[in-house]
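>>> return a 3D structure for these sequence lines:
(one chain, ligands or ions: 1)
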Amino acid sequence: MDTAIKFCGLTRPQDIDAAVAAGARYVGFVFFPKSPRNVSLETARALALRVPPGVAKVALTVDADDAALDALLAAVPLDLLQLHGHESPARVAEVRARHGLPVMKAVGIAEAADLAEIDRYQPVADLLLIDAKPPRGADLPGGNGLAFDWRLLAGRKYWTKPWLLAGGLTPANVAEAVRLTGARQVDVSSGVESAPGIKDADRMAAFAAALGGA
Ligand SMILES: O=C(O)c1ccccc1N[C@@H]1O[C@H](COP(=O)(O)O)[C@@H](O)[C@H]1O
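Next comes the predicted model:
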């Protein structure tokens, strides 16, 4: 079975084209001002309108309130909300009910004890994003190019919700990450960039090729 790819943090029209050419299943737009990948609603709308049917458009937000989500959803055609902050399970359920889109909750992993977080969010999230926990004091809660010990996920096949593996994935390591974790879906941002916020079409193609894709 093919491994589905989410390319996150796209900022330019050519990034959409490169993601689609590489066989992306999802493309992600970051709405977090501290991120080098942050996009305005206007830019995100233009990018989203360029995405062909069959590729899911994901909005990444961090502890966004309802007013911000209302404005986002009014401006940008989207398929999925990615919550990448400290949203509680109750808040995930509330966002899902209020805004009418499926929700993917990011969970940060650094050690085995963190895996319990996955169980907390399974009942309320449509998908889970299993990412590296950001270093203490980091400016960004994700997109740091940091991997966790993938062996922590080895043999864990009991999760009931679809999940994506993220954190420090690159063309050079993604095949090994998938082999060790059994992930069927992966998410990458900084590992396919030439500089923070600048996606590199060759690296995106190499990432897909490493998974046996386009
Ligand atoms: O990419 C960002 O700038 C970002 C900002 C705030 C929260 C999450 C962010 N990115 C997400 O983190 C994962 C891992 O990134 P990386 O591949 O290690 O650079 C990424 O897949 C995004 O979903």
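>>> C-alpha only now, for contacts and for neighbours.
OK.
>>> buried ones in the helix or strand of the chain with the lowest mean pLDDT?
Scoring the helices and strands of the chain by mean pLDDT, DSSP states H and E places helix 116-121 at the bottom, with a mean of 93. Within helix 116-121, the residues that count as buried by 16 or more other Cα atoms under 10 Å are Ile118, Tyr121.
>>> pick out the residue nearest the middle of the protein.
In the chain, the centroid-proximal residue (Cα atoms, centre = their mean) is Asp187; its distance is 5.0 Å.
>>> ok so it is a strand residue?
Yes - counting by DSSP: H, G, I helix; E, B strand; the rest coil, one finds Asp187 located in a strand.
>>> beyond the host helix or strand of Ala97, next helix or strand please.
For Ala97, the element it lies in under DSSP states H and E is helix 89-99. Next along the chain after helix 89-99, taking DSSP H and E as the criterion, comes strand 103-109.
>>> so what's the residue count around Gly167?
27 (other Cα atoms under 10 Å).
>>> contacting residues for the residue nearest to the centre of the chain?
Residues counted as contacts of Asp187 (Cα atoms under 8 Å, 6 or more residues apart in numbering) are Ile5, Lys6, Phe7, Cys8, Leu164, Leu165, Ala166, Gly167, Leu169.
>>> related to what we said a few turns ago, could you export the helix holding Ala97 as PDB, CA atoms only?
What follows is helix 89-99, C-alpha atoms only, in PDB (Å, rounded to 0.1, in the frame of the first residue of the first chain):
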ATOM      1  CA  PRO A  89      -9.800  16.800  24.100                       C
ATOM      2  CA  ALA A  90     -12.900  18.900  25.000                       C
ATOM      3  CA  ARG A  91     -11.700  21.700  22.800                       C
ATOM      4  CA  VAL A  92     -11.000  19.300  19.900                       C
ATOM      5  CA  ALA A  93     -14.600  18.000  20.200                       C
ATOM      6  CA  GLU A  94     -15.900  21.600  20.400                       C
ATOM      7  CA  VAL A  95     -14.000  22.700  17.300                       C
ATOM      8  CA  ARG A  96     -15.100  19.600  15.400                       C
ATOM      9  CA  ALA A  97     -18.800  20.200  16.300                       C
ATOM     10  CA  ARG A  98     -18.800  24.000  15.900                       C
ATOM     11  CA  HIS A  99     -16.900  24.300  12.600                       C
END
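>>> show me what it is packed against.
Under the contact definition 3 or more Cα pairs under 8 Å, 6 or more residues apart in numbering; DSSP states H and E, helix 89-99 sits against helix 66-75, strand 103-109.
>>> among the ones you listed, which is nearest the ligand?
Shortest distance between the ligand and the helices and strands packed on helix 89-99, using Cα to the nearest ligand atom, is found for strand 103-109: 7.9 Å.
>>> mind listing the strands the closest one pairs with, and their directions?
strand 80-83 (parallel), strand 127-132 (parallel) (DSSP bridges).
>>> is the ligand contacted by the shortest one?
No - using Cα under 6 Å from any ligand atom as the criterion, no contacts between strand 80-83 and the ligand are found, and the smallest distance is 7.8 Å.
>>> also stretch 205-212?
No - interface with the ligand: stretch 205-212 contributes nothing (Cα under 6 Å from any ligand atom), its closest point being 11.5 Å away.
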